[in-house]
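build me a structure from this.
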Amino acid sequence: MFPAMRRSRQALTGQACEEILRCASHGVLALAGEGGYPYAVPLSFVYQPGRIYFHSAGQGHKIEAIRREEKASFCVVEADRVVPEEYTTYYRSVIAFGRIRLLEGEEEKLAAIRLLAEKYHPSGAEARREEAIRREWRALAMLELQIEHLSGKEAIELTRRRESGA
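Residues are numbered from 1 along each chain as shown. Purely as a prediction, here's the structure:
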């Protein structure tokens, strides 16, 4: 179902892809938008093995797109260093494909928002995180992307550097 990467030498390992997802601050969620137009929106997220969680308002373009079509992709760019003298960029990126859903159960929604809050403020007091969650709870929706396929790629220059041990 998912085509093989054309430049397979530049493919990242599953472990490298997961590390990028654990560390990155944001990515772009792509959905089937209204009228057949793609809808891509930058979001903060938290990765757990096999899943990516996002927060959202309970209604709007993103929620309507998810209700229309559950298939989605999420792209994260870890590195993007422009190298003018080589007319290129040195990049590392990951794309996750899967099915996205709105979390319905109170417990799963609460567990997901706690993971997200801890990622973005790991040194914060738990009581303050819980207070922020309670304050926003009514309007809060949580989304889960169940990953079906994960791929990553890096610039050929980074591949060569890694292969040479430099």
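
can you list the low-confidence ranges for the chain?
In the predicted model of the chain, residues 156, 159, 162, 166 satisfy pLDDT under 70.

which residues of it fall in strands?
Remark: strands assigned in the chain by DSSP state E are 27-32, 38-43, 46-48, 51-57, 71-83, 88-102, 140-154.

nearest to Phe2, out of the ones you listed?
Taking CB to CB, strand 140-154 is the member of the strands of the chain nearest to Phe2, at 4.5 Å. In short, each C-beta sits where N, CA and C put it, glycine included.

and that closest one with strand 38-43, angle?
100 degrees (axes from the mean of the first three to the mean of the last three CA atoms, to 10 degrees).

picking that back up, can I get the strands of the chain in JSON lines with distance to Pro122?
As requested, these are arranged in JSON lines below (distance: least, CB to CB, whole Å):
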{"stretch": "strand 27-32", "distance to Pro122": "19"}
{"stretch": "strand 38-43", "distance to Pro122": "19"}
{"stretch": "strand 46-48", "distance to Pro122": "11"}
{"stretch": "strand 51-57", "distance to Pro122": "16"}
{"stretch": "strand 71-83", "distance to Pro122": "19"}
{"stretch": "strand 88-102", "distance to Pro122": "22"}
{"stretch": "strand 140-154", "distance to Pro122": "19"}
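
could you pick out the longest helix of the protein?
What stands out as the longest helix in the chain, according to DSSP state H, is helix 106-120.

so what does that helix touch, helix or strand wise?
Using 3 or more CB pairs under 8 Å, 6 or more residues apart in numbering; DSSP states H and E, the elements in contact with helix 106-120 are strand 46-48, strand 51-57, helix 126-136, strand 140-154.

got the buried residues for it?
Residues Lys109, Leu110, Ala112, Ile113, Arg114, Leu115, Leu116, Ala117, Lys119 are the ones in helix 106-120 that count as buried (16 or more other CB atoms under 10 Å).

those into JSON lines, with extra columns for distance to Ala72?
JSON lines is the format used below for these (distance: CB to CB, whole Å):
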{"residue": "Lys109", "distance to Ala72": "18"}
{"residue": "Leu110", "distance to Ala72": "23"}
{"residue": "Ala112", "distance to Ala72": "16"}
{"residue": "Ile113", "distance to Ala72": "19"}
{"residue": "Arg114", "distance to Ala72": "23"}
{"residue": "Leu115", "distance to Ala72": "19"}
{"residue": "Leu116", "distance to Ala72": "18"}
{"residue": "Ala117", "distance to Ala72": "23"}
{"residue": "Lys119", "distance to Ala72": "20"}
